[in-house]
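Q: here's a sequence, model it:
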Amino acid sequence: MLFMMIVKASRNSEAGNPPSPELMEAMTKYNEDLVEAGVRVMAKGLHPSSDGIRVSYPKPGGEPVVTKGPFEVDGLVAGFFLIDVKSREEAIEWVMRVPDPQGYGEGQVELRQVF
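A: Predicted coordinates:
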């Protein structure tokens with residue numbers, strides 16, 4: 001079963017503030033654990049939304065509209081882990097082990113199954 005652990009953005013990640021050395025070490029260890037368990041498919045971080053664009057479709061059948069970032073922090077994604085596990089329960093066990101991905105008490109990780 002494929003699951004995505006979606007790391008939510010924060011004011012700090014959007015500002016490009018680097019994680020502490022301690023958090024980098026904890027994340028490296030977590031990634032190593034995922035690899036050793038044979039469940040990690042991919043894990044990546046994203047650039048801040050100031051480097052991105054958003055395409056919206058305000059009218060059915062109409063032309064898309066492009067908006068340049070930055071965007072409001074709420075709902076933004078800062079990165080993700082893609083894991084292949086045997087059950088939803090196993091995915092929950094892995095997401096509960098993720099270190100605070102922001103390190104400033106702002107971390108949030110959303111778990112979603114992939115179709």
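Q: give me the buried positions along the lowest-mean-pLDDT helix or strand in the chain.
A: Each helix and strand of the chain was given a mean pLDDT (mean pLDDT, DSSP states H and E); the minimum falls on helix 11-14 at a mean of 91. Across helix 11-14, burial judged by 16 or more other CB atoms under 10 Å covers Asn12, Ser13, Glu14. (Each C-beta comes from the backbone N, C-alpha and C, glycine too.)
Q: and the helices in the protein?
A: 11-14, 21-36, 88-96 (DSSP state H).
Q: can I get the shortest one as CSV, trimmed to CA atoms?
A: These are the backbone C-alpha positions of helix 11-14, laid out as CSV (Å, rounded to 0.1, in the frame of the first residue of the first chain):
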residue,chain,number,x,y,z
ARG,A,11,6.4,30.5,8.2
ASN,A,12,9.9,29.3,8.8
SER,A,13,10.1,26.9,5.8
GLU,A,14,8.6,29.6,3.5
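Q: so how far is that helix off the chain centroid?
A: 13 Å (CA atoms, centre = their mean, to the nearest Å).
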